[in-house]
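Colleague: give me a 3D structure for the following:
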Amino acid sequence: MPTNADQHLAVSPGRLENRMKVRLSGGGVLLLLCLACGGGNLFFREGRRAELRKDYDTALVYFQKALQSQPDNSLFMIHEKTARTLAADFHLRQGRRLLASGRPDEASGEFQKAVGIDPTNLPGLSRRKLRPSARGSRNSSKP
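Modeller: All right, here's what the predicted structure looks like:
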């Protein structure tokens, strides 16, 4: 005579098929949820990797994508703003170096990148950009 455990394990083929369908459809829903939620997290992780390499331009792109997928995520907002500031600052410093080394055309490109990344840098950029060129013009006018 079969025990309760044996009866529990004995499942008719129809019931087994229904259970498998439920498990598969449940797994599919779970997979879709992970993909829907995980997109921002994937971009965020890639942004963090770029940030750790000090590649702030790339980090900014990934943080922007993460923020697009989850616009209300405050962590994404903070990292996007930080990467924006650091990327603009990097290009500003590069522009100053190029200007100091007598390469104003290349410096101008770096300054334009800085302003394109963070337009709030425009007032500070104008003061910083003029200072080195004013020094250079004074030095070049001396015999």
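
Colleague: where does pLDDT dip in this protein?
Modeller: Applying pLDDT under 70 to the chain flags the ranges 1-39, 121-143.

Colleague: do that again at 50, thanks
Modeller: Residues of the chain meeting the criterion pLDDT under 50: 24, 27-36, 130-143.

Colleague: quick one, helices of this structure?
Modeller: 4-9, 13-52, 56-69, 74-100, 104-117, 122-141 (DSSP state H).

Colleague: so what touches the third one?
Modeller: The one in question is helix 56-69. 39-41, 43-44, 46-48, 50-51, 73, 76-77, 79-80, 83-84, 86-87, 90, 117 (Cβ atoms under 8 Å, 6 or more residues apart in numbering). Bear in mind the C-beta positions are built from the backbone N, C-alpha and C, glycine included.

Colleague: of the residues you listed, grab the buried ones for ChimeraX.
Modeller: Under the burial definition 16 or more other Cβ atoms under 10 Å, those of the contacts of helix 56-69 that qualify are selected in ChimeraX by:
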select :40,43,44,46,47,48,50,51,73,76,79,80,83,84,86,87,90,117
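
Colleague: show me what contacts Asn41?
Modeller: Applying Cβ under 8 Å, 6+ apart, the residues near Asn41 are Ala66.

Colleague: any idea how far it lies from Tyr62?
Modeller: Asn41 sits 11 Å away from Tyr62, going by Cβ to Cβ, to the nearest Å.

Colleague: with Ala87 instead?
Modeller: 12 Å.

Colleague: same thing with His91?
Modeller: Counting by Cβ to Cβ, the gap from His91 to Tyr62 is 18 Å.

Colleague: same check on Ala100?
Modeller: With Cβ to Cβ as the criterion, Ala100 and Tyr62 are 32 Å apart.
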